[in-house]
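Fold the following for me, if possible:
(one chain, ligands or ions: 1)
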Amino acid sequence: MRILSVVGARPQFVKLAPIAKAMPGDAEHLIAHTGQHYDHNMSDAFFADLGIPQPDFNLGVGSGTHGEQTGAMLAGLERIITETVPDWVLVYGDTNSTLAAALAAVKLHFPIAHLEAGLRSFNRRMPEEHNRVLTDHAADLLLAPTQVAMDHLACEGLAERAVLVGDVMTDVLYRVRDEVAGNPLALSAPVEPGEFYVATLHRPDNTDDPARLRAIVESIAKVGKPVVLLAHPRLRNVAERHGIELGTGSIVVSEPVGYPQLVNAVAQSAGVITDSGGLQKEAFLLRVPCTTLRPETEWVETVDLGWNVLLDKDFTALPGIVERPRPAATDTSPYGEGRAAETAVRALAERG
Ligand code: UD1
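Reported below is the predicted structural model:
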């Protein structure tokens, strides 16, 4: 069995790590990196820290508009798929790299498996929502992380192609959590364990409107403990362009950190403020309260279980929400037990 994994952006490297580890010895696993993320701490650091084999191909497409970026990937991936003749093109999550790989493969009549299939925000302003819907409908095998995702696929007539495998980010999170357990706090910011929050902000809907971004930053600045803001390049660029000072009030601005440092920091934090999909779930799995700056979430279980609160407007309420009492303890595991990658790889072998 020859599998071509296509990745390009930070969260996809995290998902690739457990899949690469779970590949059986008789499988040939090739990795194509589109180059969507290219800064060292957005890309290479993840391969090194998570022990992911170096990519066999790197298209180096870099940044651009959706059309430029996706188009460049499409042309490059077509060449790679034709050259490698894989039994499966395995695509991850919902970025432009995911959609480009799915489009390239479906046009060439190569089987596509979509890992993290069936997630829906039902928010058509999100580029990820188009990417995941289009990818699911192009794919032959839909590897779903949750029962809710399975239900969405069934509603769209895709039940026959869907398999519930669990969430591979849970696999890697549990492994890294155990590896970093007991390590001192790995942040360069001057903060004490339990006495700070971790924040990330990168979605265009939050960053690209200066008035909204300013309101969010002003409200985070009023939180009663230091907030370490791991600033994505998109956020830094937009803030600089509009003269918005990020390092104000409680906010301590930091570079994005690697995955082990992130897990170490979140586990020792008082809570998380984010608009990232993955981080909401990681906070829940580490049993750290999360406040999500979005109108909806794909990971609805985190909200239903009381560990995640959504906030989309009236950001003056943010400090009170972030500093709310700790939610009720739960041992529910809606994202699986940390063995999803093995199940996913088995599904590929059975259906390949
Ligand atoms: C992308 C994904 C998003 C995912 C996120 C994780 C799409 C449409 N979006 O968003 O789903 O949650 O990755 O981080 O695919 N930049 C750099 N260096 C880099 C990468 C990006 O400076 O290594 C800057 C560039 O100015 C670029 C901007 O960040 O234009 C945005 O990067 P892009 O890959 O277009 O989207 P993300 O916001 O990272």
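
what's the domain layout of the protein?
2-167+336-351, 178-322 (automatic domain parsing).

Let's have those domains in TSV, adding mean pLDDT.
Shown next, in TSV, are the domains of the chain (pLDDT from 0 to 100):
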stretch	mean pLDDT
domain 2-167+336-351	97
domain 178-322	96
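
Make TSV out of those domains and add distance to the ligand.
Glycine gets a C-beta too; all of them are placed from N, C-alpha and C. Putting the domains of the chain into TSV (distance: least, Cβ to the nearest ligand atom, whole Å) gives the following:
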stretch	distance to the ligand
domain 2-167+336-351	3
domain 178-322	3
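
Put together CSV for the ones you listed, with mean neighbour count on each row.
Output for the domains of the chain, formatted as CSV (neighbours: other Cβ atoms under 10 Å):
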stretch, mean neighbour count
domain 2-167+336-351, 20
domain 178-322, 19
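
TSV please, covering the ones you listed and showing distance to Ala328.
Shown next, in TSV, are the domains of the chain (distance: least, Cβ to Cβ, whole Å):
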stretch	distance to Ala328
domain 2-167+336-351	21
domain 178-322	6
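
Mind jotting down where the strands sit in the stretch 51-200 of the chain?
57-58, 88-92, 112-115, 141-144, 162-164, 197-199 (DSSP state E, counting those that start in this stretch).

Redo those as CSV? Include distance to Gly71.
Below are the strands of the stretch 51-200 of the chain laid out as CSV (distance: least, Cβ to Cβ, whole Å):
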stretch, distance to Gly71
strand 57-58, 17
strand 88-92, 17
strand 112-115, 19
strand 141-144, 25
strand 162-164, 29
strand 197-199, 33
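
For Asn183, which of those strands is the nearest?
strand 197-199 (15.7 Å; Cβ to Cβ).

Can you name every helix or strand that the closest one contacts?
When contacts are defined as 3 or more Cβ pairs under 8 Å, 6 or more residues apart in numbering; DSSP states H and E, strand 197-199 sits against strand 227-230, helix 259-267, strand 271-274.

Run through who's touching the first one.
So that's strand 227-230. 187, 189, 191, 196-201, 220-221, 246-247, 250-257, 262, 265, 269, 273 (Cβ atoms under 8 Å, 6 or more residues apart in numbering).

what's across from the residue nearest to Ser188 when sequence neighbours are not counted in the sheet?
Of all residues not flanking Ser188 in the chain, Ser254 sits nearest, at 6.5 Å (Cβ to Cβ, 6 or more residues apart in numbering). Bridge pairing for Ser254 (DSSP bridges) gives the partners Leu230.

any idea how far Ser254 lies from Lys21?
29 Å (Cβ to Cβ, to the nearest Å).

Then Thr84?
Separation of Thr84 from Lys21 (Cβ to Cβ): 21 Å.

got it, and Pro319?
From Pro319 to Lys21 the distance is 41 Å (Cβ to Cβ).

before we move on, what about Lys107?
Counting by Cβ to Cβ, the gap from Lys107 to Lys21 is 31 Å.

cool, Ile52 as well?
Counting by Cβ to Cβ, the gap from Ile52 to Lys21 is 9 Å.

Equivalent analysis for Asp208, please.
From Asp208 to Lys21 the distance is 37 Å (Cβ to Cβ).

for Pro190, same thing?
36 Å.

What of Ala199?
30 Å.

Kindly report the same for Asn131.
26 Å.

and what of Glu78?
Applying Cβ to Cβ to Glu78 and Lys21 gives a distance of 29 Å.

cool, Met1 as well?
Distance of Met1 to Lys21, given as Cβ to Cβ: 16 Å.

With Gly271 instead?
31 Å.

doesn't Gln268 make contact with Tyr193?
Not quite, residue 193 is Pro, not Tyr. Yes - Pro193 is within contact range of Gln268, at 4.4 Å (criterion: Cβ atoms under 8 Å).

neighbours around Val172, how many?
25 (other Cβ atoms under 10 Å).

Identify all contacting residues around stretch 257-268.
14, 41, 45-46, 49-50, 172-173, 176-177, 179-181, 183, 185-187, 193-194, 198, 228, 230, 272, 279, 282-283, 286, 288.

Report the separation between Ser43 and Ser333.
30 Å.

again with Arg346
As defined by Cβ to Cβ, Arg346 lies at a distance of 20 Å from Ser333.

Might you calculate how far stretch 116-135 sits from the centre of the chain?
Relative to its chain's centre, stretch 116-135 lies at 13 Å (Cα atoms, centre = their mean, to the nearest Å).

And stretch 37-52, by the same measure?
With Cα atoms, centre = their mean, you get 14 Å for stretch 37-52.

can you tell me the distance between the two ends of it?
16 Å (Cα to Cα, to the nearest Å).

Also stretch 289-297?
So stretch 289-297: terminal residues 15 Å apart, Cα to Cα.

Equivalent analysis for stretch 90-109, please.
End-to-end distance (Cα to Cα), stretch 90-109: 14 Å.

Could you do stretch 59-71 as well?
Stretch 59-71 has its terminal residues 12 Å apart, counting by Cα to Cα.
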